[in-house]
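Peer 1: next one to model:
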Amino acid sequence: MTLDQVIACPVCDALHHDQNVQKHSIAKCARCGTVLAAPKSGAMTRIAMLSLTALILLIAAASFPFLALEVQGLSHQASVLDTILAFASGPMLPLSLATGLLIVLLPAARYCALIYTLAPMAIGYRPAPYAAMVYTWAERLKPWAMAEIFIIGVAVALVKVSGLARVELGPAFWAFAALLIVTILTDSSICRLTVWKTLRTRSTI
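Peer 2: Prediction:
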């Protein structure tokens, strides 16, 4: 048996004979039960479209007003970009860079990488040049793309702030909330083993 005929469990490293898994079936690790493959019909088209939707939502969430605060007749509204730029000088610069990277740039880069990798194959074409490398970076960026973590943290903070000031949620907040749902749907639709097999198969055509 060659290396091309076996797959390793990403959790316990148990080796399994690589077999074709039927659509809407699930292949699990015999040792720890981790899902190894769960191919679905039209998954690549769905992931590409969801990634494009997430990218549009992310741009809207970063650009439009996020929330407005009103205290004693004084009001102020700000977007995510305004918040990032507000700390762009002085000792808070590292915080500004981290916020911009983790909340905006890295998620956007991951969505672009998924679209670049999967869109050509979804419509039946060969993979784009360097598609395997781009998809590798998309997987590596996943733990660092924290746009969905940001909205959860903001929701917790708003509960505490609401008792001190009048808070109005802007369109960017709802864009982030929609982005959270789209991101969950995107990640749940990805079968990494199927993506790698398709990349390898169609690259040789």
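
Peer 1: from here on, contacts and neighbour counts on C-alpha atoms
Peer 2: Noted.

Peer 1: where in the chain is pLDDT low?
Peer 2: Applying pLDDT under 70 to the chain flags residues 1-4, 71-76, 148, 152, 157-165, 204-205.

Peer 1: helices along that one, start to end?
Peer 2: For the chain, the helices defined by DSSP state H occupy 43-63, 80-86, 93-99, 106-122, 131-141, 147-161, 171-189, 192-203.

Peer 1: hey, C-alpha coordinates of the second one in CSV?
Peer 2: Written as CSV, here are the backbone C-alpha positions of helix 80-86 (Å, rounded to 0.1, in the frame of the first residue of the first chain):
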residue,chain,number,x,y,z
VAL,A,80,-14.9,49.3,13.1
LEU,A,81,-12.5,51.2,10.8
ASP,A,82,-12.9,54.3,12.9
THR,A,83,-12.1,52.3,16.0
ILE,A,84,-9.0,50.8,14.4
LEU,A,85,-7.7,54.2,13.2
ALA,A,86,-8.4,55.8,16.6
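
Peer 1: for the remainder of this discussion, apply numbering that starts at 618.
Peer 2: In the new numbering, first residue 618, that becomes helix 697-703.

Peer 1: just checking, what packs against that helix?
Peer 2: For helix 697-703, the elements it packs on are helix 660-680, helix 710-716, judged by 3 or more Cα pairs under 8 Å, 6 or more residues apart in numbering; DSSP states H and E.

Peer 1: re the thing from before, turn the helices of the chain into a markdown table, columns for mean neighbour count and distance to Ala644.
Peer 2: Below are those laid out as a markdown table (neighbours: other Cα atoms under 10 Å; distance: least, Cα to Cα, whole Å):
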| stretch | mean neighbour count | distance to Ala644 |
| --- | --- | --- |
| helix 660-680 | 21 | 17 |
| helix 697-703 | 16 | 41 |
| helix 710-716 | 15 | 38 |
| helix 723-739 | 22 | 22 |
| helix 748-758 | 16 | 21 |
| helix 764-778 | 14 | 29 |
| helix 788-806 | 18 | 15 |
| helix 809-820 | 15 | 11 |
